[in-house]
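*Asks:* Predicted model and sequence follow; I will ask about them next.
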Amino acid sequence: MNFATRVLHGTSCFDPATGASSVPIYQASTFHQADLDQPGKFDYARSGNPTREALEHAIAGLEGGERGFAFASGMAAISSVFMLFSAGDHVVVAEDVYGGTFRFLTKVLSRMGITVTFVDASQTEAVRAAIQPTTKGIYLETPSNPTLKVTDLSAVCQIGKENGLLVIVDNTFLTPYYQRPLELGADIVIHSATKFIGGHSDVVAGLAVTRDTALGEQLYFIQNGMGAILGVQDCWLVMRGLKTLKARLDVSTRTAEKIAHWLQAHPAVTRVYYTGLADHPGHEIQEAQASGHGAVLSFDVGSRERAKALFDRVKLPIVAVSLGAVETILSYPAAMSHAAMPAEERAQRGITDGLIRLSAGLEDVDDLILDLQQALDSLPSLEAAAPSEKAFSRA
Amino acid sequence: MHLETKLVQAGVGKDEKTGAVNFPVYYSTAYRHPTLGESTGFDYTRTANPTRVVLEEAIAAAESGDGGFACASGMAAIHTVMGLFSQGDHLIVSLDLYGGTYRLFEQVLSRYGLTFSYVDLRDLAVLESAVKPETKAIFVETPTNPLIQITDIGEVAQLAKQHGLLTIVDNTFMTPYCQRPLELGADIVLHSATKYLGGHNDVLAGLIVTKGQELSEKIRFLHNSIGAVLGPQDSWLLLRGMKTLALRMQRHQSNAFAVASKLKEHPAVTEVFYPGLVDHPGHEVQLKQSSGFSGMVSFRVRSADQVKPFLKHLQIVSFAESLGGVESLCTYPATQTHADIPLEIREYVGVCDRLLRLSVGIEHPDDLIADLCQALDASLTLGGSVR
């Protein structure tokens, strides 16, 4: 069955009891037990709820995994998955992970005795070189946020296998529509479902899918034990969003491609990051391992002053923290998604003061380009910026 | 202002634009920034959501605290607070404890180098002797679950202060209507708000309340970083439940007293644990530190054989795992809520196979008593002889 059909019919997205086309919201925290010796399938809603189960089945099916889990947020999914590790363990992490993941790893998990090494995961050999005797896992985001570096998933999963490591992939930017890391050898896939899967900027949610049942049991223990589960109303909203995932991504990706090419030709833009551009260093790998390039691109306007001027002048995009919505969202990684990362770490990762991230929505692409054009055409000249800053932003 | 008034007025009139009496549910995850470097105070819903903020302010005010934080479940609240501690830290914990908390401590957090000692907190000398150089906090449940033992919060908090420890109180059983641990010297209060605060068995939620700005900021950081936050619809449902907390608690309590008194007289029952009964060993302490006794009653039947027929014959009371809702629920701790606690600890504490826990709802007391009595009667005839 093709993805477009599976996203609607290949999941448990209907209610077996009544045939209702949408799973009901079981707003119940507990379930009556008919018999002491034969506990029912559901006993307490933290441990399991029919509405949440429907979503968990749906995402497991779409990612091609054994078991799905719904969490209170993307960060709740990430922090719960990292609880699979114990004090003394070491994890190799892609260096330009989301700022919130970076903060959790360096400020919370570090106090629990788990160490991490950040590497440029687009360099496969750098991942191998970072492995220590205590290494237990590899954590990836591809394309990365916000500079869209591409990791060769099969190659890194192979390294993981050779060394007996758990390979965890944050698949938020591409969703299972474009990329299914479990099929490429990963063990766990994570989503901030707040983004493309939910798709409407109206629900915060996290998802995880495990490749096999044993790992599923371990993660279930943590989900139930730590209790960072997703509420039923939010589960239902995520499922509702999921039904239009393909239709939304088809449009948003076409728009992102068109905008990326257009920005590349605009003199006010010093650099464009989008894996769909043929000269993007990860273009070939992306074409091989994913069926699309997604709706997120980043571009550099050279300085903070010019970035601010652009934000002040655009009329259509929402200036906000987040991405993956029906509305086009512009954000400023240095002060938003990656504010939790120290300035020197940001600089190392190319997250300059002129970098802007665009998540294409469903508006008409010509309207968006017109709006960007009027804003870019009137930016203060790049020459007015300090030379050092200019050089930095082009580095 | 009295608690009843504070709770009912939570969020009222806060939506100035429309005057809506009930604060709206904000589903938005992202918030438009006026320009670069400016914010409305709301950026991203995990960090702050307007609906959740109304709830968080309401519980902070009700518990006389400085910071309120809403989490995805009671366990998520406990886990978030545990993020305060680091590898090598030690905590002293109530011996009689909810099984899920014990499981989190022993099977998850122990892997990160945190250690826990389980102590009968009614004995201050035992408590003091458990303090080690690496001890960082005392974690209190009072009344305990399920044996309803009463800990003197003021005395424990005072001892904690002398040793520079944090006092964390799980106030799920009492709610701020009956007991406000921060006023007694505690630093952090936790709730499984799924229980009395929500009150309708329809929403899973956890709440944290902190005393002081420094502690509040630490929890704010962990709440946002770990991300186990409560969704806006659930925040709204919880707030809706909290508006009737006082009314419900009054009824839970009077029903519980009636049920506990009746159970004591029933031949199928050997012991009844309810702090409202004058002969309960914690009755005096409870009177000193709380303004009520809540609705949780535990009791032992004569023989374990009675448990199954008793549960089977209940018609009004549901056999289900939870508590604090308007509907009466009966739980069998040995296999349900406390199944994760090792048998030897359960036996030492007294969570035996004859123990049942009742969350007395707000039905008419006569109906509840009649239902319990007929099921107990049946348990005697069907469950074998009276030993």
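*Replies:* Cool, got the structure.

*Asks:* Tell me the secondary structure of the residue nearest the centre of chain B, please.
*Replies:* Central residue of chain B (CA atoms, centre = their mean): B:Thr172, 1.6 Å from the mean position. Applying DSSP: H, G, I helix; E, B strand; the rest coil to B:Thr172 yields a three-state assignment of coil.

*Asks:* Need the nearest residue in space to it, chain neighbours excluded.
*Replies:* B:Ser192 (4.6 Å; CB to CB, 6 or more residues apart in numbering or on different chains). No exception for glycine: its C-beta is placed from N, CA and C like everyone else's.

*Asks:* Pick out the residue in the stretch 101-250 of chain A sitting closest to chain B.
*Replies:* Across the stretch 101-250 of chain A, no residue is closer to chain B than A:Gly227, which sits at 2.9 Å (CB to the nearest CB).

*Asks:* what about that residue, neighbour count?
*Replies:* A:Gly227 has 30 neighbouring residues, counting by other CB atoms under 10 Å in any protein chain shown.

*Asks:* Does it touch B:Tyr98 like I think?
*Replies:* No: A:Gly227 is not in contact with B:Tyr98 according to CB atoms under 8 Å; the separation is 11.7 Å.

*Asks:* What's opposite the residue nearest to B:Thr172 in the beta bridge?
*Replies:* B:Gly206 (DSSP bridges).

*Asks:* Tell me the pLDDT of the residue of the stretch 1-150 of chain B found nearest chain A.
*Replies:* At 2.9 Å from chain A, B:Met75 is the closest residue in the stretch 1-150 of chain B, using CB to the nearest CB. Predicted confidence (pLDDT) for B:Met75: 97.

*Asks:* That one contacts B:Gly100, doesn't it?
*Replies:* Yes: the pair B:Met75 and B:Gly100 qualifies as a contact (CB under 8 Å) at a distance of 5.5 Å.

*Asks:* anything in contact with each of the two?
*Replies:* Common neighbours of B:Met75 and B:Gly100, using CB atoms under 8 Å, 6 or more residues apart in numbering or on different chains, are A:Gly225, A:Gly227.

*Asks:* What residues does the stretch 151-300 of chain A have near chain B?
*Replies:* A:194, A:198, A:201-204, A:206, A:221-222, A:225-231, A:233-234, A:237 (CB under 8 Å from any CB of the partner chain).

*Asks:* Out of these, which sit inside strands?
*Replies:* Using DSSP state E, the members of these that fall within strands are A:Gly206.

*Asks:* Could you identify the buried members of the residues of the stretch 151-300 of chain A next to chain B?
*Replies:* Buried members of those, scored by 16 or more other CB atoms under 10 Å in any protein chain shown, are A:194, A:198, A:201-204, A:206, A:222, A:225-231, A:233-234, A:237.

*Asks:* Just those residues: which are in helices?
*Replies:* Residues of those located in helices (DSSP state H): A:Ile222, A:Gly225, A:Met226, A:Gln233, A:Asp234, A:Leu237.

*Asks:* Farthest pair within those?
*Replies:* Within those, A:Gly225 and A:Leu237 form the most distant pair, 25.5 Å apart (CB to CB).

*Asks:* Could you count how many residues lie near A:Ala58?
*Replies:* 26.

*Asks:* residues of the worst-scoring helix or strand of chain B on mean pLDDT that come out buried?
*Replies:* Least confident helix or strand of chain B, by mean pLDDT, DSSP states H and E, is helix B:343-349 with a mean of 87. Buried residues in helix B:343-349, counting neighbours by 16+ other CB under 10 Å, are found at B:Ile345, B:Arg346, B:Val349.
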